[in-house]
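Predicted model and sequence below, questions to follow.
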Amino acid sequence: MSQNPNTSPNLPWKCRLLMNYVAYLVDMCRRPNFTVNRRLYKLFDLKSSPSKTPINGVTTSDIMVDASRNLWFRLFTPENGSGNDVSLPVIMYFHGGGFCFLGPDTSALDRFCKRLSRELHVVIVSVNYRLAPEYRFPCQQDDGVDVLKFLDTTNIEGFPACANLNHCFIAGDSAGGNLAHQVTLGAIETYFRKLKIIGLITIQPLLGGEERTESEVRLHKSTLMPMERTDWMWKAFLPEGSNRDHPACNVFGPNAIDVSGLNFPATAVVVGGFDTLQDWQKRYYKGLKESGKEVYLIEYPNAVHSFYAHPELPESSMLIEECGDFIRKQCAKT
């Protein structure tokens with residue numbers, strides 16, 4: 001598929017306004033010394049409470065895993081999955097936010113997970129992982145693997161009987177797409193009694209490297225992911241002293257972990273034609289393919305970074321449909 005030569009997508013004015021607003025807030029809260037003004041950030045991070053009464057066809061509850069590090073997850077269960085005679089896939093979800101911002105209870109993310117749960121007919125476990133720069137990598141990977149262990153070993157009060165842990169998927173958007181990959185790597189080395197990961201869905205994963213790619217240069221004025229902002233995020237997230245060729249950033253770079261011999265699950269990689277990060281995402285797809293893994297590239301030439309969070313954009317509904325196809329295909333194999 002040919003690259004989109006344009007640098008400015010045609011977006012509804014409401015989408016453009018919201019994206020500019022989010023970018024402005026992020027820039028206001030991130031400091032030059034790679035710390036975050038949490039007090040200011042909390043003023044603008046609108047939250048949604050869990051609800052046992054269905055909202056848009058989905059019930060929600062918050063379940064604590066480890067209070068000492070505030071590790072918890074928001075559980076999303078569709079109304080049609082409340083019975084014992086129903087078996088629904090489980091998606092462990094990692095939110096975006098540049099590793100430093102947002103949470104499962106952020107209103108926009110809560111709405112998106114409700115939509116996924118309702119339209120895909122899945123149970124979603126949205127993880128409240130620790131944020132950078134207060135907690136750098138691999139803290140987030142450790143949090144994700146520990147939630148998987150918790151699901152595997154704990155009799156969780158209120159956890160739906162319909163949730164089929166043998167049909168477990170790891171998913172995430174942007175920074176969460178990166179973490180979904182990292183947690184999958186950690187899970188491969190972990191023994192589970194009843195949980196089985198059968199798929200990975202990375203939606204516009206935040207990836208990078210020391211090299212500057214064509215899309216980073218061409219789309220350097222991107223509203224949400226210009227190079228200057230992603231460079232800041234890597235500095236805040238990666239271990240002290242690391243550069244962007246760290247394997248948590250440049251997944252198939254010079255310091256990469258060899259996945260060719262690992263039991264890596266089938267993977268869907270979602271790419272947008274107006275996303276600064278698209279070249280890195282395509283390299284991720286290529287790296288998995290060359291490692292002999294089952295991997296699918298889902299491209300939307302007119303999509304910007306975070307398009308999925310805007311239901312009015314046609315690509316957002318297309319993504320839901322393609323994710324559903326991927327989930328059904330993987331579940332049918334087991």
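Yes, it's here.

avg pLDDT for stretch 179-196?
For stretch 179-196, mean pLDDT rounds to 96.

Next, the buried residues of it.
Across stretch 179-196, burial judged by 16 or more other CB atoms under 10 Å covers 179-187, 192, 195. From N, CA and C alone the C-beta is placed, and that goes for glycine too.

Quickly note the distance from the nearest residue to G287 once chain neighbours are set aside to F192.
Take G287 and drop its neighbours on the chain: the residue closest to it by CB to CB, 6 or more residues apart in numbering is F252, 3.3 Å away. To F192, F252 is 26 Å away according to CB to CB, to the nearest Å.

returning to what we had before: could you list which of the buried residues of stretch 179-196 belong to helices?
Counting by DSSP state H, those place 179-187 in helices.

picking up where we left off before, return the member of the buried residues of stretch 179-196 nearest to G158.
Distances from G158 to the buried residues of stretch 179-196, taken as CB to CB, are shortest for L195 (18.0 Å).

all helices for this structure, in order.
Using DSSP H, helices in the chain cover 13-29, 38-44, 107-120, 139-153, 175-188, 214-218, 227-237, 278-290, 314-332.

what about these, which gets the closest to N302?
Nearest to N302, of all these, is helix 314-332, at 6.9 Å by CB to CB.

what about the chain, any weak spots by pLDDT?
1-7, 81-85 (pLDDT under 70).

Kindly recompute the last result at 90.
1-11, 13-14, 16, 80-86, 158, 189, 220-225, 334 (pLDDT under 90).

Could you work out the end-to-end span of stretch 145-161 for me?
22 Å (CA to CA, to the nearest Å).

Return the distance of the nearest residue to T334 once chain neighbours are set aside relative to T154.
Leaving aside its chain neighbours, T334 sits nearest to I198 (6.0 Å; criterion: CB to CB, 6+ apart). Going from I198 to T154 by CB to CB gives 21 Å.

before we move on, what about E322?
Counting by CB to CB, the gap from E322 to T154 is 33 Å.

quick one: which of these two has more around it?
E322 (17 against 11; other CB atoms under 10 Å).

Enumerate every residue touching the residue nearest to G287.
By CB atoms under 8 Å, 6 or more residues apart in numbering, the residues touching F252 are 283-284, 286-287.

and if you look at P239?
P239 neighbours (CB under 8 Å, 6+ apart): 136-137, 246.

do the same with V271
By CB under 8 Å, 6+ apart, the residues touching V271 are 204, 278, 281-282, 285, 297-300.

now do P133
Shown in contact with P133 (CB under 8 Å, 6+ apart): 34-36, 100, 236-237.

Count the neighbours of L206 for me.
L206 has 27 neighbouring residues, counting by other CB under 10 Å.

okay but it is in contact with S174, surely?
Yes. Contact criterion CB atoms under 8 Å: L206 and S174 qualify, at 5.0 Å.

Between the two, which contacts overlap?
Contact criterion CB under 8 Å, 6+ apart; residues shared by L206 and S174: 96, 98.

before we move on, the earlier item: could you dump the contacts of F252 into TSV and include distance to T223?
As requested, the contacts of F252 are exported to TSV (distance: CB to CB, whole Å):
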residue	distance to T223
R283	23
Y284	23
K286	27
G287	28
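
Okay, now stretch 73-93: how far is its last residue from its first?
Note: stretch 73-93 ends 9 Å apart using CA to CA.

I'd say N255 and R244 touch.
No. Using CB under 8 Å as the test, N255 is too far from R244 to be in contact (10.5 Å).

the more surrounded of the two?
Ranked by neighbour count (other CB under 10 Å), N255 and R244 place R244 first, with 18 against 14.

need the contact list for that one.
The neighbours of R244, taking CB under 8 Å, 6+ apart as the test, are 208-210, 231, 234, 238, 250.
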